[in-house]
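*Asks:* Structure for this input, please:
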Amino acid sequence: MTNELFILMKQELLVTVILFIILFLKLGSREWKTESLLNLVNVLLLLQVAAGFFWNRNGELFGGMYRTNELLSFEKNILSLGTLIISLQSYNWLRTHKHASEFYLLLLSSLLGMFLLISSNHLLLFYLALELSTIPLAALVNFDLERKQSSEAAFKMIISSAFSSGLLLFGISLLYGATGNLNLSTLPGLLQGKPLELFAFVLILAGFGFKISAVPFHLWTADVYEGAPVPVTSYLSVISKGAVLFAFVSILYNTFGGLGNSWYNMLFLLSVATMLIGNLFALRQQNIKRFLAFSSVAQVGFILIGISGQSLEGSASLIYFVMVYLFSNLAAFGVIGVVSAATGKETINDYKGFYKTNPLLSWILALGLFSLAGIPPTAGFFGKFFLLMAGAAKGNYLLLVIAALNMVISLYYYLRIIKAMFMDANEEPIETIQLKWSPRLALMLCVGGILITGLFSGAYHYIYSLLVLYS
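*Replies:* I've put the predicted structure just below:
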């Protein structure tokens, strides 16, 4: 039993070991230099990512409350890789920060919760894992203690998270009252589409809506993204959202699949509203972090289209898109983080003439934005293509037309930043920034990910093969 525990929970245990190593170093008598600590943590995270691709087995633990297989391990590997990239990108910011250890303790505690969230096969473990993944994030948002805006953002996130958790827990309670069961594997056979069950599902959907920033549950997103440090904003935008989406599509398809005719219309309305509001509000943003916040809201609208297809293609397109979105968004946030750490500048106007002083960073940011906009041959184009094709399985061509129009709108505001960097003049452009090896490596990983996953189709086929195997 012990050997089985070590193998099946390998990824969770590795994160826990790293947490304890950082904690012991923090409490030890010898004070480590910040740069040495950052290098050590990055090496440990790299080993954790590498170990995630080996010795993966299928099985269940704790009476079926925890489950794992190759597909779930792959989803965790995506999150682990994203966390490593964010850690590498944070080097310039953290090496001058006096609380680097605390940053990693909170970050990895949240990641541990997300791993448990993905493997949850019981709604009680699911809820506890969701709270473990969310509460440390509120502290991370307020990590710049001297900034009033950071404290305000953390307060808004705590209030929003508490409200969404309350809705989710109320929905779970009603579901238990209607079925007498919380096991995600046995619930499908007990659901009959009764009004109480549908109401419980609406509450659970609302709880997920807050976590993924779907309209009208998105109101916290822009303020939190703007107030948080750039690495934390990156983590919220990619890792946190990706983990919740993985759990959402699994519960939606496997547990509530029998109610598909009821929740399809809900997803239709949510996707249209999310795309439209996200794009329209992104048009008028001047702060680049708020801009990317509304961009991420709009991206969720496209994701919901793919999920609405209720097929293996829908699940595959979601996982593939999250992987693509990770590389694209972290390329953009990586450049923004480097600039913010060096100059403190975070508005779009600050990037006028950026190409003249920082050509490499300009091209990396442009590539990330092109991928987010869905311009071929970047990976973002194929990510949106697969999502729309999965959504088209329902034959709702009105939804595809609305998505196409929203893609045109998004193209405009992404190109606005590229125009500022390459074409607009600036009397006081951002000075030339010298990249350390760590953020440079992280940005190169993002560029490689955008190009490789876009030009080679093996990733999508691999994900689809895993879904066929474990569906």
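*Asks:* Contact partners for the residue sitting nearest the centre point of the chain?
*Replies:* By Cα atoms, centre = their mean, the chain has its centre lying nearest to Val238, at 2.5 Å. Val238 makes contact with 82, 86, 325-326, 329-330, 333, according to Cβ atoms under 8 Å, 6 or more residues apart in numbering. Placement of C-beta: from N, CA and C, glycine included.
*Asks:* Torsion angles phi and psi at it?
*Replies:* Main-chain dihedrals, Val238, degrees, to the nearest 10: phi -110, psi -60.
*Asks:* Show me which positions of the helix or strand of the chain with the lowest mean pLDDT end up buried.
*Replies:* The helix or strand of the chain with the lowest confidence, counting by mean pLDDT, DSSP states H and E, is helix 2-8 at a mean of 76. For helix 2-8, the neighbour count (16 or more other Cβ atoms under 10 Å) marks Leu8 as buried.
*Asks:* Just the CA coordinates for the helix or strand just after that helix, please, in PDB.
*Replies:* Where DSSP states H and E defines the elements, the next helix or strand beyond helix 2-8 is helix 10-27. Written as PDB, here are the backbone C-alpha positions of helix 10-27 (Å, rounded to 0.1, in the frame of the first residue of the first chain):
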ATOM      1  CA  LYS A  10       4.400  10.900  -7.000                       C
ATOM      2  CA  GLN A  11       3.800  14.400  -8.300                       C
ATOM      3  CA  GLU A  12       2.000  15.600  -5.100                       C
ATOM      4  CA  LEU A  13       4.700  14.100  -2.900                       C
ATOM      5  CA  LEU A  14       7.500  15.700  -4.900                       C
ATOM      6  CA  VAL A  15       5.900  19.200  -4.500                       C
ATOM      7  CA  THR A  16       5.500  18.500  -0.800                       C
ATOM      8  CA  VAL A  17       9.200  17.500  -0.500                       C
ATOM      9  CA  ILE A  18      10.200  20.800  -2.300                       C
ATOM     10  CA  LEU A  19       8.000  22.700   0.100                       C
ATOM     11  CA  PHE A  20       9.700  21.100   3.200                       C
ATOM     12  CA  ILE A  21      13.200  21.700   1.700                       C
ATOM     13  CA  ILE A  22      12.400  25.400   1.300                       C
ATOM     14  CA  LEU A  23      10.800  25.500   4.800                       C
ATOM     15  CA  PHE A  24      13.900  23.900   6.400                       C
ATOM     16  CA  LEU A  25      16.200  26.300   4.600                       C
ATOM     17  CA  LYS A  26      14.100  29.200   5.800                       C
ATOM     18  CA  LEU A  27      14.100  28.100   9.400                       C
END
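*Asks:* Residues contacting helix 10-27, please?
*Replies:* 6, 32, 37, 40-41, 44-45, 47-48, 51-52, 55-56, 73, 76-77, 80, 101-102, 104-105, 108-109, 111-112, 115-116, 119.
*Asks:* Name the next helix or strand downstream of it, please.
*Replies:* Downstream of helix 10-27 (by DSSP H and E), the next one is helix 34-51.
*Asks:* now the helices for the stretch 201-350 of the chain?
*Replies:* 221-227, 230-235, 241-254, 260-282, 288-307, 312-343 (DSSP state H, counting those that start in this stretch).
*Asks:* just how off-centre is stretch 53-60 within its chain?
*Replies:* 23 Å (Cα atoms, centre = their mean, to the nearest Å).
*Asks:* tell me the mean pLDDT for it?
*Replies:* Here stretch 53-60 scores 82 as its mean pLDDT.
*Asks:* cool, stretch 315-335 as well?
*Replies:* For stretch 315-335, mean pLDDT is 90.
*Asks:* and what of stretch 97-112?
*Replies:* Averaging pLDDT along stretch 97-112 yields 88.
*Asks:* So for that stretch, what gets flagged as buried?
*Replies:* Of all the residues in stretch 97-112, those buried under the rule 16+ other Cβ under 10 Å are 97, 100-101, 103-112.
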